Every structure is written in C-alpha cells, then in structure tokens.
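> just coords:
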C-alpha cells in the first residue's frame, strides 16, 4: 500500500467552491493564450522564474495602473518622498536607489554583491534579477564581507532571462528581457530597459520617471553615496545618449500598445518622453485610486447589507 492510500489522502481537494471552479474553467484554451491584438491571441514563452527554474506567470497583475520608476539621479533627493508612501502609489526602484526610498518592486541586472543586503533580505520588496544570479552570494557592506546567503535563498525574488541585442520592434514581445547591446554590437546597456519591459508585462500602462537625470558629473552622481571614477562618468554619459535614441525609437511602439512613459524631471537630458510634474503625476495616480481616504473609509454595513439592497442604494 502506498503512502497516499495508507493515509487516506485524496490527490485532489474535496468540496471545491463551485463558483471558483466554474469561473476558472472559462479561461481561454492554453493554445490561444492572452490577447495581444484585437483578434489575435498569443501564448507567450515564460518570462519569469523561481530560483529552481519553475516558470511564473505575472502578466497583467497591475492591469491598467501606473507606477513610479525611481532611478539614481540626484534630482530624486529634491522631491517629497512621503507622497510616494500614500496608499495606491506603486513604486519600482533601480539598483541601489532603495537606500533613499524603499519601493514596492525592485530590479537589477548586475551581480547581487553590487547591492544593499537589506534589499535582498526584505520580504516586502518584490525583486527581479537575472536567473544566473540565483546562486551568487549577498554582500554585507557594513562588515565588508560576503554572507553565507545566496540570492536564491532570499524572499520574494523573481528571476528573468536577458538578451544583449536591442531590436525596438520586438522589445515588448520577445521571450527574454533586453538590456541594451553587447559591446561587440556597440554597447550601451541599462537596467532601465528591462525595468520598462517588466512594468509593461505586469500590466502597468503609465510610468512616471523619477531621478532620471541622464547627466553625470564629478559632483552630481547619485542621490545616495557612491563614487564613480572619470572613466565611469564618461561611460554613463555615453550610455545616456544611446538610451535617448533607443527610447525615441521605442516610444511610438509603446504608445501603439497604450503604454505611456513620462519624465518628472524638467531638467533631465532624457528628451524622448514628455515632461509631467511630480504633483500632476501623483494626482493622476490618486484618481486611479478613486480618491479614497483610507483613514475614514466605511466598513459599517458591508457584511450586514444584502447585495440586492446595495444595488438599490439601501443601507446607507
């Protein structure tokens, strides 16, 4: 007798909720996938993975919503960060930007030891990193030594695959995430590229850029403490110029699919996207949240009032 029979355990859950079961069966067939164009359905290849390589499907989980993408430019230090902590505001951080502001989502492309260990240890931050980094160790920058902990041991980490050949027309649909070009193809790689692809895939349709200055000098590096030597500064400024061109090429393709990117820094050297003020962006996000005051939101009557009465406006 096998273990399952001995313990009298059914292989399937019993007494299923019939409403859930019926609705789940209404999903589109596996070979049809999700809607890409009006009359065309596609079945995408896996984009996201667990650390043991199981695929994850996260498409559209933030359907139609907005997000603030926080880069490293020093202009971010000039903003009121408390406004980003309001309910309904979704944020994604790049690289070591969480030193200044802790986001909901975070992404890197480089090895784990380049980044704060508190990011990796924080279960409240959903982290996206290349799948090859799952086996690499986390670095303790306070004690200046590696921890006996790998990225794959950390909570709430999602993995992706990269490519190094930028092609604008397939950027939103290819089966792995582009981060620019390999040096043999002209170089110019940036974490901003996969960040935008991830936000699009998650269903975000408006992105507001913060700290995207696209200009680096000896005294204007980041909104957190990090040195860069002159060669790195020159290299970053060269990459910014390449990215300006790539984003200009991507913008009409983004907008064709109702994906809109705005820059909240009026002095930024990134000119491919339109400017919107920080406060106007926050106002648009607040409208998506229906202007809810969570401190005074009503709970009385939600359980007690029948649905039929609610439809008639009874029980107010």
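Alright, I've got the coordinates. Bear in mind that the values here come from a model prediction, so they are computed numbers and not experimental data.

> going forward, measure contacts and count neighbours with C-alpha atoms only.
Fine.

> With adjacent residues omitted, what lies nearest to residue 134?
With CA to CA, 6 or more residues apart in numbering as the criterion, residue 134 has its nearest non-adjacent residue at 4.4 Å, and that residue is residue 152.

> tell me the secondary structure for that neighbour?
Three-state assignment for residue 152 (DSSP: H, G, I helix; E, B strand; the rest coil): helix.

> check contacts around residue 68.
For residue 68, the contacting residues are 89, 90, 91, 92, 207, 208, 209, 210, by CA atoms under 8 Å, 6 or more residues apart in numbering.

> Would you mind measuring from residue 198 to residue 296?
For residue 198, the distance to residue 296 (CA to CA, to the nearest Å) stands at 34 Å.

> make that residue 230, sorry
53 Å.

> the more surrounded of those two?
Between residue 230 and residue 296, counted using other CA atoms under 10 Å, residue 230 has the larger neighbour count: 12 against 7.

> Pull up the gap between the more buried one and residue 89, please.
Distance from residue 230 to residue 89, by CA to CA: 37 Å.

> cool, and residue 288?
10 Å.

> more crowded one of these two?
residue 89 (19 against 15).

> Any stretches of the chain with poor pLDDT?
Scanning the chain for pLDDT under 70 picks out the ranges 1-44, 216-219, 221, 233, 235, 237.

> So which residue is dead centre in it?
Central residue of the chain (CA atoms, centre = their mean): residue 199, 4.7 Å from the mean position.

> Would you double-check that it falls in a helix?
Yes - under three-state DSSP, residue 199 falls within a helix.

> Run through the residues that contact it.
Counted by CA under 8 Å, 6+ apart, residue 199 has contacts 67, 205.

> hmm, 10 Å instead?
59-60, 62, 65-67, 69, 92, 105, 205-207, 259 (CA atoms under 10 Å, 6 or more residues apart in numbering).

> again, but for residue 278
68, 79, 80, 83, 208, 209, 210, 263, 264, 265, 266.

> ok, now with 6 Å
By CA atoms under 6 Å, 6 or more residues apart in numbering, the residues touching residue 278 are residue 264.

> circling back to that earlier point, tell me how many other residues surround the residue nearest to residue 134.
22.

> ditto for the one 10 residues further on
Residue 162 is surrounded by 18 other residues when neighbours are defined as other CA under 10 Å.

> So it sits against residue 176, correct?
Yes - between residue 162 and residue 176 there is a contact under CA atoms under 6 Å: 5.4 Å.

> Count the residues that sit near residue 253.
Other residues close to residue 253 by other CA under 10 Å number 18.

> Ok, residue 227 next?
Neighbour tally, residue 227, other CA under 10 Å: 12.

> ok, it to residue 119 distance?
20 Å.

> so where do the helices sit in the stretch 151-300 of the chain?
Under the criterion DSSP state H, counting those that start in this stretch, the stretch 151-300 of the chain contains helices at 192-201, 230-256, 278-288.

> Summarise which helices and strands the longest one is packed against.
Under the contact criterion of 3 or more CA pairs under 6 Å, 6 or more residues apart in numbering; DSSP states H and E, the helices and strands touching helix 230-256 comprise an empty set.

> quick check: angle from that helix to helix 192-201?
30 degrees (axes from the mean of the first three to the mean of the last three CA atoms, to 10 degrees).

> Just the buried residues of helix 230-256, please?
Buried residues in helix 230-256, counted by 16 or more other CA atoms under 10 Å: 233, 236-237, 239-240, 242-244, 246-247, 250-251, 253-254.

> and the closest residue to residue 123 other than its chain neighbours, how far is that from residue 122?
In this structure, residue 123 finds its nearest non-sequential neighbour in residue 155, 5.2 Å apart by CA to CA, 6+ apart. The spacing between residue 155 and residue 122, counted by CA to CA, is 7 Å.

> try residue 193
Relative to residue 122, residue 193 is positioned 24 Å away (CA to CA).

> With residue 89 instead?
Applying CA to CA to residue 89 and residue 122 gives a distance of 19 Å.

> sorry, back to before: from the contacts of residue 68, which single one is nearest residue 304?
Of all these, residue 304 sits closest to residue 89, with 30.8 Å by CA to CA.

> and the residue nearest to residue 268 when sequence neighbours are not counted, how many neighbours does it have?
Of all residues not flanking residue 268 in the chain, residue 213 sits nearest, at 4.4 Å (CA to CA, 6+ apart). For residue 213, the count of nearby residues is 25 (other CA under 10 Å).

> re the thing from before, quick one: which of the contacts of residue 68 is most hemmed in?
residue 92 (26 neighbours).
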